[in-house]
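> My questions concern the predicted model and sequence given below.
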Amino acid sequence: MAKETLSEKKLINEMLQDEFVRDFINEHKITKEQFNRNLETFLAYYIKSLKCVGCKGLSECKQTRHGLMPILDKNEIYIDLQFVECVYQEEANKNKNEHLHLYNTSFSDIQGEVFVNKERSDVLTFVKRFLDSYLENPHQQGLYLSGSYGCGKSYIMGNLALSLTKLGVDVAFVYYPDFVRMIKSMITTGGISRIVDELKRVPVLFLDDFGGESNSNFIRDEVLLPILQYRMVNKKPLFVTSNLSDKEIIAHLAESNKEVDGIKALRVFERLRSLMVFKELSDKNYR
């Protein structure tokens, strides 16, 4: 890395005080060497994230890519700068279907033909029964649907979500891994409490690919748990898709960037179990 100027050093020091950057570094165990190698990416994220601070709506958006906010992402090879729709863009998208509220997903990704076969019969029977009875009985359990990659979990849930909106029911469909990254990036820019409140109160909530995210204490205890607690007390249905079984979910929730906390993981899991029936979809990969 080239020698830094005084202004660059000041900017780097400011960036390292950013809660999302610090959490990202701790969560992914970023070494000093990795940080220096990806310094331009970190700085690009930080500079662009500053444009979101204090923003009150799309009319004030300062981003080059209007309505999109920056997030950092890490795979096995490199750290990348990505952009996701901000809360105000999400709000604008609701006008496409007044009852369908999307978070970090495109409905074209989750809507498709649902094949009927013997492997799916139990799951589809549950879904049909829920759909047929929801208007008369909105306070019933949802479904935790686990299964291998590509077996159709999201398609089944997306079809159910769309069917509910045709009945006039408000639903929120959340692609959970990107949602988590978005929430972490909003720690310094604000707006988290508003989103949490929306997901608490929406009549039917869908969390897609739960367990595919990098877990953290903050997300588990300050975002997910309040949502689950409110929905459990008020008997609002929750639907979840995941590649993880119930036992694997407990282990996933227990792990974080700082510690293994089985007690808090069980608190979350007990609320999941109260809100949903657990079923596994044993079908082939259709992708």
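Alright, I've got the coordinates.

> quick check: domain ranges of the chain?
Domain ranges of the chain: 6-88, 97-281, per automatic domain parsing.

> what's the most buried one of those?
Mean neighbours per residue, mean count of other CB atoms under 10 Å, is largest over the domains of the chain for domain 97-281, with a mean of 18. In short, each C-beta sits where N, CA and C put it, glycine included.

> Now do the strands in the stretch 101-250 of the chain.
Using DSSP state E, counting those that start in this stretch, the strands found in the stretch 101-250 of the chain span residues 142-147, 171-175, 204-208, 238-242.

> With mean pLDDT and distance to Phe218 added, can I get the ones you listed in CSV?
Converted to CSV, the strands of the stretch 101-250 of the chain look like this (pLDDT from 0 to 100; distance: least, CB to CB, whole Å):
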stretch, mean pLDDT, distance to Phe218
strand 142-147, 94, 23
strand 171-175, 94, 17
strand 204-208, 96, 17
strand 238-242, 96, 20
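
> can you tell me which of those comes nearest to Phe42?
strand 171-175 (24.4 Å; CB to CB).

> now the closest one against strand 238-242, angle please.
Angle of strand 171-175 versus strand 238-242, following axes from the mean of the first three to the mean of the last three CA atoms, to 10 degrees, is 20 degrees.

> where exactly do the helices run in the stretch 1-150 of the chain?
For the stretch 1-150 of the chain, helices defined by DSSP state H, counting those that start in this stretch occupy the ranges 6-15, 19-27, 32-37, 39-50, 87-93, 107-110, 121-133.

> right, and those - which one's nearest Lys200?
helix 87-93 (15.0 Å).

> on that earlier part again, would you mind putting the strands of the stretch 101-250 of the chain into a markdown table with distance to Gln34 alongside?
Below are the strands of the stretch 101-250 of the chain laid out as a markdown table (distance: least, CB to CB, whole Å):
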| stretch | distance to Gln34 |
| --- | --- |
| strand 142-147 | 33 |
| strand 171-175 | 27 |
| strand 204-208 | 30 |
| strand 238-242 | 29 |
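
> among these, which is nearest Tyr155?
Checking the strands of the stretch 101-250 of the chain against Tyr155 by CB to CB gives strand 238-242 as the closest, at 9.6 Å.

> Quickly run through the sheet partners of the closest one, with directions.
In the sheet, strand 238-242 lines up against strand 142-147 (parallel), strand 204-208 (parallel) (DSSP bridges).

> hmm, who's touching that strand?
142-147, 153-154, 157, 160-161, 204-212, 228, 231, 249, 272, 275-276 (CB atoms under 8 Å, 6 or more residues apart in numbering).

> and that strand with helix 121-133, angle?
160 degrees.

> mind exporting strand 238-242 as CSV, just the C-alpha atoms?
Extracted C-alpha coordinates of strand 238-242, given in CSV (Å, rounded to 0.1, in the frame of the first residue of the first chain):
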residue,chain,number,x,y,z
LEU,A,238,-44.3,-16.3,10.4
PHE,A,239,-43.0,-18.4,7.5
VAL,A,240,-39.3,-19.2,7.2
THR,A,241,-37.2,-21.1,4.6
SER,A,242,-33.8,-22.4,5.5
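
> Surely Met69 and Ile183 touch.
No: with contact defined as CB atoms under 8 Å, Met69 does not count as touching Ile183 (11.1 Å).

> list the contacts for the nearest residue to Ala44 once chain neighbours are set aside?
Among residues not flanking Ala44 along the chain, Leu81 sits closest, at 5.4 Å (CB to CB, 6 or more residues apart in numbering). Going by CB under 8 Å, 6+ apart, Leu81 touches 41, 44-45, 48, 70-73.
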